[in-house]
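[1] could you look at this predicted model? Sequence included:
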Amino acid sequence: MNLHSELRQFRQQQQTRRVFLGHTAQGVGGFALASLLSSSLFAAEKKTSSSAKDKWPGVVRPLHHAAKAKRVIWLSMAGGPSHLETWDHKPKLATMHGQAMPESFTKGKQIAQLQGAKLNCFGPQLGFKKFGKGGAEICDLFQQIGSVSDEICFVRSMTTEAINHDPAHMFMNTGSQIAGRPSMGSWLTYGLGTEAEDLPGFVVLTSLGKGGQNQPIAARQWSAGFLPSRFQGVHLRGKGDPVMYLGSPAGVSREQQGDVVAAVNALNKKHDAIVDDPEIATRIAQYEMAFQMQASVPELMDAAKEPQKILELYGCKPGDGSFASNCLLARRLAQRGTRFIQLYHKDWDHHGGVKDGVTLKAAEIDRACMALITDLKQRDMLKDTIIVWAGEFGRTPMSQGGSGRDHHNAGFSIWLAGGGIKGGISYGATDELGYSAVENPTNVHDLHATMLHLLGIDHTRLSVKFQGLDVRLSGVEGAKLLKPILA
Amino acid sequence: MKPFLFLSVMFVCASPILAAPTLAPLPAKIDFNRDIRPVLSENCFACHGPDAKQVKAGLRLDQRESAIKAAKSGKIAIVPKQPTTSELVRRITTKDSDDLMPPPESHKKLGPREVALLQKWIEQGAEYQTHWAYQPLAKPAVPAGQNGVDFLVQQRLKAINLKPSPEADRRTLARRFWFDLVGLPPTPAEMEAFVSDKSPDAYAKLVERLLASPHYGERMAIGWLDVVRFADTIGYHSDTPRNVYPYRDYVIRAFNENKPFDQFTREQLAGDLLPNATIETRVGSAFNRLLLTTEEGGAQAKDYEARYLTDRVRAVGAVWLGQTIGCAQCHDHKFDPTTARDFYAMGAFFADIKEPIVGRREPGMIVPDAKGNAELARFDGEIARYQKELDGPQPAIEAAFAKWQEAASTSVQREGHWKPLAFAAVKSAGGAKLAIQPDGSVLASGKNPEKETYTVTVTNTVSGIIGVRFEALPDASLPASGPGRAPNGNFVLTEVIARVQSATGSARPVKFAAARATFEQTTFVEKNPYKIWAAASVIDDDAKGAQFGWAILPQAGRENYLLLELAEPLTTAAGDTLVIELKQNHDGKDHTLGRFRIAATADTVAARTIAPPAPPADIASILKIAPEKRAAAQQEKLFAHYKSFAPELVKLRQQIVVAKKARTDFEAKLPRCIVSESSPTPRTVRLLSRGNWMDDSGPLIEPALPAYLAVGAKQPADRRLNRLDLAEWIVARDNPLTARVFVNRLWRQFFGTGLSKVLDDLGAQGEPPPNAALLDWLAADFRDNGWDVKRLVRTIVTSQTYRQTSIASREMLVRDPENREHARQSRWRLDAELVRDNALAVSGLLVPKIGGPSVRPYQPDGYWENLNFPVRGYDASAGEDQYRRGLYTWWQRSFTHPSMLAFDAPTREECAADRARSNIPQQALVLLNDPSYVESARAFAVRIVKEGGNTTDARLAWAWKQAVARTPSAEELVTVRALFDKHLAQYKADTKAAEALLKAGVSPAPQAADIAELAAWTSVARVLLNLHETITRS
């Protein structure tokens, strides 16, 4: 019994059956129905059905406008990196070092662990240097990132609503601090579908920092929320099965696993002939997909076959679970059509020892970030890949415990590159002490709206009805496009 | 949180018969609630609805009086019976994009049918109706003797010209009944009994049997646990555990005992406030504690107070009211008449709940079961018995008591000679924190250095003293209660050096002549030159070694003292200070003094006499009274005091200690549950402008019931309303929502979709039920019959409607694709928990135990690697707990069990009234590869070989019956037979592989004669457990 021929044969029969109301394998009950009822979806489905019948085509069809980018690689620097030791140089803060933070800066602002403490200025702990034609002034530990700074747009006026890790991640990923909203990767795969054949459209990779400040990250950060489960992020893990339950049971060969899947599908097909249940066709397709993933995911994860010079570029040893390895995997995923790739690198929570902490972090990420940009560029993929580097918030210009900085949400820095982003520039600024965003203040909704725009989506038009509301990634309060950062 | 979705593309088709919505004729009589409100709500209310701050042009379309009067522009939106003069009609039909409503930038657009509906409605007089769900609940008439479900469904089918489907076959029905009512498949024997029962009341009997099953409560609990967001962990950040599983068991029990739903409601909202509150009702009140909480450092209390308030309001909205009240956190509701004030007033009901806002949840109330209660009572009886004996007269010790009184009186007298030294300063050389206590003693805490010297300075006049007493005192804060800081409560005082220091700085030593102590330690003396931990070594100038001194083991927890007699009376001049150094240079680490007090005497006898420590002040004051003048009560108090340490009663006292400890130990093992406890000083609640918790300029808000729902529950005016008032209001007879919401949600369990399919929103943005009469009839019947849940379930499942086949004709699929009219049954994939239960049941591994701590099925290694504070590993349950039903799975909110998640179990971070039913590759991976299912297949294979007969075909047929309750077709047999034969040959050739497969799971690998055969049957079993039919309820 040959699984593949059997499945091929089944597909053909499936297409004949499709005549009845586009008997589609669209998935979830509600969605299958939605497609049945939507003539536009139905029409498009017919066009694409022969090549990829189980692939979710996305609801934004056609795109609202021409897209600059096709995919996103989001580098989440979890813990809240200090903007003052990375991308935002504040010489005035150095001269104020040790003096009381003027109350005019802090009044009415949220404070986390420094509640009730004396607020003293804490000068930048690391040196800064200008890089590239654009003259980006960044911390001199980030030489590699500096070397590609002309591809990068530094946004130095970022703000967020939350000031504790968990809600701040939620807000950054979903635009809401209430659990249960879809994260951006889910919105995008829902809106645009995925180009990946045998891989999920939304993938998450995590890595630990060596400094030990590894804040927890909940799976809700890549949850599909109220969108169907098929849009949830799949966590590719460094240890064990890269995708949970991916490995066949011990004592079962790939061929035997194929036999079992083929038998299940054959029996399901026979049963369908009696009960005529559209879910069965979907079930059969999902078994086929699962079986293919059992081969395609290990192939994806096997980065050891990359040429030596690529491994050197990233500075990683495949399988070491490092951020650099994950950057290389991100590129491999991007090549295979994954829509949204999110990397969490932890250990940025420098309540104490911010100088040593950021130094350690720079060693962990600097080369890898440069390599990702360089590698995508040499493959001509940078132009349609948005890279985002962002923490869930920044850190206070005030000292915590004499060597660290507390959580801070009134102004911090992120950067973007590729996919329609203007490189070699910076956007927005904080005040002279790095406390509040004062020039072009930017919020999370603006960032989301701008990214959606680059991906061909009008953020006001990608919405889903939930609890009576047209819920959008970019929120209902209004979001603005960051036009000056667009190429 | 996985409710059904409404894509914008399909919202144009709100009518239930959907196939060609734009073509369907308009109804003869336009019904506002069914036809108009959804259109207005979706397209117009955002700017012309209940949110007072957003109303544009002074026009509200949710209120007729506003809609039919001139707006700010002078134009009239709706002129009843005159569509052509109505501004609304002009604006929705104009070609001028500046005038067009809804405005293009809203991305809303009315379809031609909607426009036609609005026109026809205005033509017919533009009559408004109260929103359907707010209308008083009245019971539609149903002919006597008829099942209301059948009557009302068929009435509707007749009207839309659909015919009901025939009854499903008995095998299908049996699986349906079992899955829907108990969540488990019938055993083949149960199946046969039902199929062959030809009696007219076969269904009735079956239903009664299943309703009486203890598994009924488990099945019913699943949906309830979703909507109340029951989970084992707190949710935010560290997502640490909390003690809450007794609440889950309470829910199961409540359904099994058929607790009336109104009482169930009262107990959960206010089980602690009920006049006859019991442990049971208090456990119910754990409902109020199920929300997400945090322990994150740096979390601001006010921020989280606001989060908790909104979380609880959302919960009441989701669980009982079917209202998205949560939307009114920042502004008045856009679509429903809930105001922001209503929102905060609802939140204020919960402001009395005692809880840490940021931080670890308390261990919670002890929740003993009957056995535990009996055991506790036994301990209490034992303790009381001993105590009574101790408290009673003790003639045998009268003489000893008299002797003690004499000695103690002497002590009291002698104590008069002692004067406590008041310290000007106390210093630790080793860095310990020394604090002077109200009784003049010094208590050490903080750092406990290896070696230590305490230096005390005394400035008050001490001239003439001849003796110094160092009391080593126990204290609860010290290890083993002290008085030392070593883990065993010991200390070693190695040397005491005293000097008198004059104001000019000159100093002269104070010489000691003798040292005595109440007790000297005699153990661990091998290396000690004194062969005892002697008082004398304290004043020997360390002649025999600096590490030796005075110690007291085993008298930890007891008071002892050291008495130093001066060589000559001390003489001091004005301005002199006495400085005493207490050296503690023992080489055994940590042996420092934890609590001590120093007193001095000028009386030579006192300075030389070791007397029992003077009794406490209250006893001393009695002893000072002459015996014959003491009152009886005073004498009794003395006796009680004596009995508390009388050596003659040591055994009795020990018995009490042992019994009390046994009780405490037993109690520590009992389940605990965080429950509601009301604080007399509730937290302040303010109306937060735009939900901003940092803005405390808003008005103070007291608990109040939503104004828009005209429920006539009595409201006491003379006191603050509490949670019990809220509960009474929720279950008040005239609350139109509660019964509708519960019935609607329950309907989904039996038909796959709610009667109104938006289970958590019965407001304007929800869906008017296609068969409103049916929902109302069921809800009214439920409310009017004592909120009897089993009665409600019985009414539904004994209906003919429920028993129809789920196989749909093509016509039916076209005309009613979602099966909203119930001209047939529906089919759906089992809920996550039941997918698991079914596999365990079929394989024979299921342990059907009810309740208890949550269990841990196998989980992929490292799944919790992103949890921290603390880092957590995962130990899969051993023994029978590995094979428990899915609903007992440990519910870790931030990393919910992955096989549960794959099948759409919610994380329970938010209230989830509904679950999606997705169909994704992860489900295939779980059923194929999760060790739970591989082990089930293995165990199933063992059963097939053992119980399934002797031939391969017989076994296959037997296996089929177990898995899907039918016999396989010849074609099916061919497919599986081929697989079996192939794998049998392969495993025969590779027995190592067979062995590996058979090792799946923690249950012992079978000792089979033919492991290749068993492995091949495991392949077959895997196929059967993976079938769509196996995991489908049809």
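    In hand now; what should we look at? Residues are numbered from 1 along each chain as shown, chains lettered A, B, ... in the order given.
[2] over to whichever residue of the stretch 751-900 of chain B sits closest to chain A: give its phi and psi.
    The minimum distance from the stretch 751-900 of chain B to chain A, using Cβ to the nearest Cβ, falls at residue B:765 (2.8 Å). (C-beta placed from N, C-alpha, C; glycine too.) When read as degrees, to the nearest 10, the backbone of residue B:765 gives phi -90, psi 0.
[3] who touches the spatially closest residue to it that is not a sequence neighbour in this structure?
    Using Cβ to Cβ, 6 or more residues apart in numbering or on different chains and skipping the chain neighbours, the partner closest in space to residue B:765 is residue A:468 (2.8 Å). The contact partners of residue A:468, taken as Cβ atoms under 8 Å, 6 or more residues apart in numbering or on different chains, are B:324, B:327, B:334, B:335, B:336, B:758, B:761, B:763, B:764, B:765, B:766.
[4] do the helix or strand of chain B with the lowest mean pLDDT and chain A meet at all?
    Here the helix or strand of chain B ranked lowest by mean pLDDT, DSSP states H and E is helix B:810-815, holding a mean of 86. Yes: Helix B:810-815 comes into contact with chain A (Cβ under 8 Å from any Cβ of the partner chain), by way of B:810, B:813, B:814.
[5] buried sites along that helix?
    Neighbour-count burial for helix B:810-815 flags B:812, B:813, B:814, B:815 (criterion: 16 or more other Cβ atoms under 10 Å in any protein chain shown).
[6] repeat for stretch B:836-856
    In stretch B:836-856, counting by 16+ other Cβ under 10 Å, buried: B:836-843, B:845-846, B:848, B:851, B:853-856.
[7] keep only those of the residues you listed that are in helices.
    Among those, the members found in helices (DSSP state H) are B:836, B:837, B:838, B:839, B:840, B:841, B:842, B:843.
[8] what's near enough to touch the residue most central in space within chain A?
    The centre of chain A sits closest to residue A:342, judged by Cα atoms, centre = their mean, with a distance of 3.0 Å. Going by Cβ under 8 Å, 6+ apart, residue A:342 touches A:73, A:74, A:76, A:185, A:202, A:203, A:204, A:205, A:222, A:233.
[9] please, which helix or strand holds it?
    Using DSSP states H and E, residue A:342 sits in strand A:340-345.
[10] partner strands of that strand, with direction?
    strand A:71-77 (parallel), strand A:202-207 (parallel) (DSSP bridges).
[11] off-centre distance for the shortest one?
    If you compare the mean C-alpha spot of strand A:202-207 with that of the full chain, they lie 8 Å apart, counting by Cα atoms, centre = their mean, to the nearest Å.
[12] check stretch B:138-157 too.
    On the basis of Cα atoms, centre = their mean, stretch B:138-157 sits 41 Å off its chain's mean C-alpha point.
[13] that older thread, kindly reformat the ones in helices among the buried residues of stretch B:836-856 as CSV containing distance to residue B:682 and pLDDT.
    Listed next are these as CSV, based on distance: Cβ to Cβ, whole Å; pLDDT from 0 to 100:
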residue, distance to residue B:682, pLDDT
B:836, 43, 98
B:837, 43, 98
B:838, 47, 98
B:839, 49, 98
B:840, 46, 98
B:841, 48, 98
B:842, 52, 98
B:843, 52, 97
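[14] can you count the residues close to residue B:487?
    Neighbour count for residue B:487, taken as other Cβ atoms under 10 Å in any protein chain shown: 11.
[15] what's the closest non-adjacent residue to it?
    residue B:479 (4.9 Å).
[16] how near is the one you found to chain A?
    30 Å (Cβ to the nearest Cβ, to the nearest Å).
[17] just to revisit the earlier point, which one of the contacts of residue A:468 sits closest to residue B:82?
    Of all these, residue B:764 has the smallest distance to residue B:82: 25.7 Å, by Cβ to Cβ.
[18] I'd say that closest one and residue B:129 touch.
    No: counting by Cβ atoms under 8 Å, residue B:129 is not a contact partner of residue B:764; they are 11.9 Å apart.
[19] and the helix or strand containing residue B:223, which residues are buried?
    Element membership for residue B:223 (DSSP H and E) is helix B:214-227. With burial defined by 16+ other Cβ under 10 Å, the residues of helix B:214-227 counted as buried are B:215-227.
[20] what does stretch B:113-121 give?
    For stretch B:113-121, by 16+ other Cβ under 10 Å, it's B:113, B:114, B:117, B:118, B:119, B:120, B:121.
[21] can I get the strands paired with strand A:340-345 in TSV including mean pLDDT and mean neighbour count?
    Converted to TSV, the strands paired with strand A:340-345 look like this (pLDDT from 0 to 100; neighbours: other Cβ atoms under 10 Å in any protein chain shown):
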stretch	mean pLDDT	mean neighbour count
strand A:71-77	98	24
strand A:202-207	95	25
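[22] isn't the residue nearest to residue B:487 right next to residue B:490, touching?
    No: assessed by Cβ under 8 Å, residue B:479 is found out of contact with residue B:490, at 9.1 Å.
[23] and the host helix or strand of residue A:185, how far out from the chain middle?
    Element membership for residue A:185, per DSSP H and E: helix A:184-192. Distance of helix A:184-192 from the chain centroid (Cα atoms, centre = their mean) equals 11 Å.
[24] using PDB, write out every CA atom in the least confident helix or strand of chain B.
    Presented in PDB, the C-alpha positions along helix B:810-815 are these (Å, rounded to 0.1, in the frame of the first residue of the first chain):
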ATOM      1  CA  ARG B 810     -28.800  17.500   0.200                       C
ATOM      2  CA  GLU B 811     -31.900  19.700   0.300                       C
ATOM      3  CA  MET B 812     -31.400  20.200   4.000                       C
ATOM      4  CA  LEU B 813     -27.800  21.000   3.600                       C
ATOM      5  CA  VAL B 814     -28.600  23.700   1.100                       C
ATOM      6  CA  ARG B 815     -31.600  25.100   2.900                       C
END
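[25] could you name the helices and strands sitting against the following helix or strand past it?
    Note on helix B:810-815: by DSSP H and E, the next helix or strand toward the C-terminus is strand B:828-829. With contacts defined as 3 or more Cβ pairs under 8 Å, 6 or more residues apart in numbering or on different chains; DSSP states H and E, the packing partners of strand B:828-829 are strand B:1032-1033.
[26] and for the strand it packs on, what are the contacting residues?
    Residues contacting strand B:1032-1033 (Cβ under 8 Å, 6+ apart): A:277, A:279, B:175, B:176, B:179, B:180, B:827, B:828, B:829, B:830, B:834.
[27] contacting residues for the closest residue to the first one other than its chain neighbours?
    Across the structure, with Cβ to Cβ, 6+ apart as the measure, the residue nearest residue A:277 apart from its sequence neighbours is residue B:827 (6.2 Å). For residue B:827, the set of contacting residues under the criterion of Cβ under 8 Å, 6+ apart consists of A:275, A:277, A:279, B:752, B:806, B:1032, B:1033, B:1034.
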